[in-house]
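K.L.:
I would like to see how this sequence folds:
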Amino acid sequence: MDLNLSGNYAVISGGAKGIGSSIVKCFVNEGVNVAIIDIDSDAAEYLLDNLDCDGVNTVSIEADLTNKDACQFAIKQVLKWSNGKLDILVNNAGVNDSVDLTDGPKKFQLSLDRNLVHTYCLVHYALNALKESNGSILNISSKVAQTGQGGTSGYAASKGAINGLTREWAVDLAPYGIRVNAIAPAEVMTPLYKSWIESLPEPEETLNQIQDQIPLGHRMTTKEEIADLATFLVSPKSSHTTGQIFNPDGGYVHLDRSCTSSISRKNS
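P.N.:
Predicted coordinates:
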C-alpha cells in the first residue's frame, strides 16, 4: 500500500537503535526524508549508511536530550537541514531506568528528564513548522503506564504523562490539523530488553514465562510490527485518527489474565 508519505520530512528521537531504528527503516522505505536525533551518533550514522536511501535525504544529529538547550539546538539543526519543512515528529527516546521509590527526588527528576521533558521540548521547538505542514506527532509510550511494573517510578510516571500529553495535544492542535497519537509497546525484543533479560538469574525461563502470557501467538511483538503501525499512524491513510493510544501487543495488556492462562493451557 502506498501511504502517500514520499517527500515528507520526519524527525525521530532515539532513532539509532531498537524500535526507533525500525521506524527509521520503515519511513525511508516509504520515501520519507529522515532526521535522527540521538546521543549515539555512531549508531545513527551506521544505521543510515546501511540503508538504501536512494532518493531520500537523511541526517544524524547528536544530542543529549536531558539538556533542554540541546533539544532546541537539535530542532534548529533539523529545520536547517530540511529548509524549514517538518511533517512528522516521533518522540521515541527513553529508557526504562529502574528509578524507584528508594532512589530519591534527584534521581526521579533525572528519570523525568530522560523520558518525559524532552518530549515536551521537541514538540515546543518544532511546533511552528508542524503547524505550517498540518503535521503529525507520534509519541512512543509503554504498557508500564497502564499496568505498572514495579521498581520503575520515574519511567512509569513519564510514560503516564506522555499518554496524557497525547490527548492534551490532540485537543490543542486539532485546529491546526495536527494529529497526535501514541503507541504503547509491551514486550518487544530491543537491545535494552535483551540486556535486561540476560541480567536475570534464569533469563530463558523468564522469557518463556513472559511469552506464555501473551495471548496471540505466545511471542514477543517485533520492532517491525511497531514500526509498521507507526508509519500508518503518521500517514494520510490515518487522516481522522487523533488522541489515540494504541497497544500492538498481542492482547497482553487488555485481555483478562484468566483468559490468558486458559489460552496457555489449551496450547500446551
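
K.L.:
by contact count, what packs against the helix or strand hosting Ala43?
P.N.:
Counting by DSSP states H and E, the element that carries Ala43 is helix 41-49. Judged by 3 or more Cβ pairs under 8 Å, 6 or more residues apart in numbering; DSSP states H and E, the packing partners of helix 41-49 are helix 18-29, strand 33-38, strand 58-62. Using the backbone N, CA and C atoms, a C-beta is placed for each residue, glycine as well.

K.L.:
change it to 6 Å
P.N.:
If you count contacts as 3 or more Cβ pairs under 6 Å, 6 or more residues apart in numbering; DSSP states H and E, helix 41-49 packs onto strand 58-62.

K.L.:
Would you mind writing the CA trace of the strand it packs on as CSV?
P.N.:
Output in CSV follows, covering the C-alpha atoms of strand 58-62 (Å, rounded to 0.1, in the frame of the first residue of the first chain):
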residue,chain,number,x,y,z
THR,A,58,18.8,11.6,5.8
VAL,A,59,20.8,13.2,8.6
SER,A,60,22.1,12.3,12.1
ILE,A,61,22.1,14.9,14.8
GLU,A,62,23.9,14.1,18.1
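
K.L.:
Taking helix 18-29 as reference, get the angle to it.
P.N.:
150 degrees (axes from the mean of the first three to the mean of the last three Cα atoms, to 10 degrees).

K.L.:
in its sheet, what does strand 58-62 sit against?
P.N.:
strand 33-38 (parallel) (DSSP bridges).

K.L.:
what does the strand it pairs with contact?
P.N.:
Applying Cβ atoms under 6 Å, 6 or more residues apart in numbering, the contact partners of strand 33-38 are 9-16, 24, 27-28, 44, 56-61, 63, 74, 78.

K.L.:
what's the answer for stretch 147-156, then?
P.N.:
96, 98-101, 108, 111, 115, 144.

K.L.:
10 Å instead?
P.N.:
Residues outside stretch 147-156 that contact it (Cβ atoms under 10 Å, 6 or more residues apart in numbering): 94-103, 107-116, 142-146, 158-160, 184, 186, 252-254.

K.L.:
what's the average pLDDT for that stretch?
P.N.:
Averaged over stretch 147-156, pLDDT sits at 94.

K.L.:
Sketch out the helices for the chain, chain order is fine.
P.N.:
18-29, 41-49, 68-81, 105-112, 118-133, 144-147, 153-173, 191-198, 203-212, 223-233, 257-267 (DSSP state H).

K.L.:
Tabulate the ones you listed (JSON lines), appending distance to Asp87.
P.N.:
Shown next, in JSON lines, are these (distance: least, Cβ to Cβ, whole Å):
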{"stretch": "helix 18-29", "distance to Asp87": "11"}
{"stretch": "helix 41-49", "distance to Asp87": "19"}
{"stretch": "helix 68-81", "distance to Asp87": "12"}
{"stretch": "helix 105-112", "distance to Asp87": "28"}
{"stretch": "helix 118-133", "distance to Asp87": "5"}
{"stretch": "helix 144-147", "distance to Asp87": "27"}
{"stretch": "helix 153-173", "distance to Asp87": "14"}
{"stretch": "helix 191-198", "distance to Asp87": "28"}
{"stretch": "helix 203-212", "distance to Asp87": "36"}
{"stretch": "helix 223-233", "distance to Asp87": "13"}
{"stretch": "helix 257-267", "distance to Asp87": "39"}
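
K.L.:
Turn these into CSV, columns for distance to Val90 and mean neighbour count.
P.N.:
Listed next are these as CSV, based on distance: least, Cβ to Cβ, whole Å; neighbours: other Cβ atoms under 10 Å:
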stretch, distance to Val90, mean neighbour count
helix 18-29, 6, 24
helix 41-49, 14, 17
helix 68-81, 12, 18
helix 105-112, 20, 15
helix 118-133, 10, 19
helix 144-147, 18, 18
helix 153-173, 12, 20
helix 191-198, 17, 13
helix 203-212, 26, 13
helix 223-233, 7, 20
helix 257-267, 30, 12
